[in-house]
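[1] Build me a model:
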Amino acid sequence: MKGHLYQFTIEHVEDKKGNLVASEALSFTTRNHDDVFKIVAAMQGKMDLDRSDATALAVGLKLFGEVMLKHPKQPLFKELRPQFAVFMKGLKSL
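    Take a look at the predicted model:
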């Protein structure tokens, strides 16, 4: 698959009680047909969310959406696909 290649790294910093967590980072590479940085910038300017939440939403949607596109016959996504398409059209219209 062609597309932009990204390296993602996530670190668990605190638990739900605010205690520091010492654990290894989770890191992976993945491709996406869109420029995720452009999507993040657009989301930060269009929605009434703080910068962190807008970034998390944009990255999460792009990662999830790309997996759905990559696996169109996956039964797990069958019921969600139509609603996801409607959601994305609404988001893009902002």
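
[2] What are the boundaries of the strands in the chain?
    In the chain, strands defined by DSSP state E lie at 4-10, 26-32, listed in chain order.

[3] could those strands be laid out in TSV, adding mean pLDDT, distance to Val86 and mean neighbour count?
    C-beta coordinates here come from the backbone N, C-alpha and C atoms, glycine included. Formatted as TSV, the strands of the chain follow (pLDDT from 0 to 100; distance: least, CB to CB, whole Å; neighbours: other CB atoms under 10 Å):
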stretch	mean pLDDT	distance to Val86	mean neighbour count
strand 4-10	97	25	11
strand 26-32	97	21	12
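
[4] Just want the most central residue of the protein.
    Gly60 (1.8 Å; CA atoms, centre = their mean).

[5] quick revisit: would a markdown table of the strands of the chain with distance to Lys38 be doable?
    Converted to a markdown table, the strands of the chain look like this (distance: least, CB to CB, whole Å):
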| stretch | distance to Lys38 |
| --- | --- |
| strand 4-10 | 10 |
| strand 26-32 | 11 |
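
[6] so where is the chain shaky, pLDDT-wise?
    The chain contains residues with pLDDT under 70 at 1.

[7] which one's the longest helix in the protein?
    Secondary structure of the chain per DSSP state H: the longest helix is helix 51-70.

[8] Contacts for it, please.
    1, 8, 30-34, 36, 39-40, 42-44, 47, 49, 74, 77, 80-81, 84, 88, 91 (CB atoms under 8 Å, 6 or more residues apart in numbering).

[9] Which ones among the residues you listed map onto helices?
    The members of the contacts of helix 51-70 that map onto helices under DSSP H are Val36, Ile39, Val40, Ala42, Met43, Gln44, Leu80, Arg81, Phe84, Met88, Leu91.

[10] The fourth one: what's its closest spatial neighbour, skipping adjacent residues?
    Just to be clear, that refers to Ala42. Ala58 (7.8 Å; CB to CB, 6 or more residues apart in numbering).
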